[in-house]
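**Q** All I have is the shape, not the residue letters:
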Ligand SMILES: O=P(O)(O)OC[C@@]1(O)O[C@H](CO)[C@@H](O)[C@@H]1O
């Protein structure tokens, strides 16, 4: 079983507007709301692939109730740890004129020390094949390192100070995008920057390069996997789909080139899905054979 952990869960609200203009009123053409946060998106993707997955997330207040109801409707098995604060919302604005995707991520509610302990205990009750810990931390949370279980392969997908602190948990994989990698290392070259994170405690660093695919820097060498073509769509959750592919590769003990191939194919399928966590499965199957993987 793959366990996905979302400390700062969210109700993802997606607005579709015509043009997005500052200093103006926007008429929203379509509103969609559903359970989100990066780990929840990873769980959705794995579930769509028919994999055995379980989610752990926080939930509080009326937004937490909506989050809980939607997750149950989606059929994702989950342990939701109650918190006193209100689960946050994230807002994604899709503009059909500029074809842009704009995100507003709230910080999330303050969690108490007791709530965080209960969250960590809930995660530790599981013995997964792979543990995926994704997204930001809510204010007051002690850090990801305490969630990364010894003896279980782990993926940490977060950014900034939380990523640096999480290295203390010696994750099997971290997956920053290029901007996040540069931000935490101050280095422009992705291989040098990834090597620095490996020295800091990550076994493997997988960098998401947007339309250029994924770059993995591992103890056995480096590989880059590129999609067969550039896609347009909703890129929110594309990184989470890539993480789902990495988790699957780790669970199956596949070699890195295979794992990267799947992760890139899933990431493209997510860009074509309407909302974060959705997949175009036909694209995924086609793209699996078309992704180009080369030693870097
Ligand atoms: O604020 P975080 O935890 O970094 O990111 C949260 C988030 O923007 O990431 C997902 C897309 O990856 C969205 O579904 C989600 O709400």
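**A** Everything's here; your move. None of the values given here were measured: they were computed from a predicted structure.
**Q** The host helix or strand of residue 260 vs the ligand: in contact?
**A** Residue 260 belongs to helix 256-272 when elements are defined using DSSP states H and E. No: using CB under 6 Å from any ligand atom, we find that helix 256-272 stays clear of the ligand, coming within 9.4 Å at best. For every residue, glycine as well, the C-beta is placed using N, CA and C.
**Q** What is the helix or strand following that helix packed up against?
**A** Scanning forward in sequence from helix 256-272 by DSSP H and E, the next helix or strand is helix 281-288. In terms of contact count using 3 or more CB pairs under 8 Å, 6 or more residues apart in numbering; DSSP states H and E, helix 281-288 is assigned the packing partners helix 256-272.
**Q** Quick one: work out the angle between the helix it packs on and helix 281-288.
**A** When axes from the mean of the first three to the mean of the last three CA atoms, to 10 degrees is applied, the directions of helix 256-272 and helix 281-288 differ by 150 degrees.
**Q** can you give me the helices in the protein?
**A** Under the criterion DSSP state H, the chain carries helices at the ranges 38-48, 61-73, 113-124, 160-166, 178-185, 190-200, 238-252, 256-272, 281-288.
**Q** Touching the fourth one from outside, list them.
**A** Applying CB atoms under 8 Å, 6 or more residues apart in numbering, the contact partners of helix 160-166 are 133, 136-137, 143-145, 148, 156, 158, 174, 176, 180, 183-184, 200.
**Q** mind running it again at 10 Å?
**A** Residues outside helix 160-166 that contact it (CB atoms under 10 Å, 6 or more residues apart in numbering) are 7-8, 133, 135-137, 141-148, 154, 156-158, 171, 174-176, 180-181, 183-185, 197, 200-202.
**Q** which among these end up buried?
**A** 7-8, 133, 135-137, 141-148, 154, 156-158, 171, 174-176, 180-181, 184-185, 197, 200-202 (16 or more other CB atoms under 10 Å).
**Q** near the ligand, which of the residues you listed show up?
**A** When the buried ones among the contacts of helix 160-166 are checked against the ligand using CB under 6 Å from any ligand atom, the ones in range are 8, 135-136.
**Q** Just put the residues you listed in TSV and tack on pLDDT.
**A** Conversion of those to TSV gives the following (pLDDT from 0 to 100):
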residue	pLDDT
8	98
135	97
136	97
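**Q** Let me have the residues you listed in TSV, adding distance to residue 288 as columns.
**A** Compiled in TSV, those are given as follows (distance: CB to CB, whole Å):
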residue	distance to residue 288
8	32
135	27
136	31
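**Q** Which one of these is nearest to residue 227?
**A** Within those, proximity to residue 227 (CB to CB) peaks at residue 135, which comes in at 24.0 Å.
**Q** Find the nearest non-adjacent residue to the closest one, please.
**A** residue 38 (3.8 Å; CB to CB, 6 or more residues apart in numbering).
**Q** The one you found touches residue 237, doesn't it?
**A** Yes: at 8.1 Å, residue 38 and residue 237 qualify as touching, with contact defined as CB atoms under 10 Å.
**Q** Now the common contact residues for the two.
**A** Jointly contacting residue 38 and residue 237 under the rule CB under 10 Å, 6+ apart are 243, 276-277.
**Q** Kindly identify which of these also come near the ligand.
**A** Contacts with the ligand within the shared contacts of residue 38 and residue 237, as defined by CB under 6 Å from any ligand atom: residue 276.
**Q** most neighbours, which of the shared contacts of residue 38 and residue 237?
**A** Counting by other CB atoms under 10 Å, residue 243 has the largest number of neighbours within the shared contacts of residue 38 and residue 237, with 31 neighbours.
**Q** isn't it right next to residue 41, touching?
**A** Yes: contact status for residue 243 versus residue 41: in contact at 8.5 Å, counting by CB under 10 Å.
**Q** Having no further points to raise, I will conclude here.
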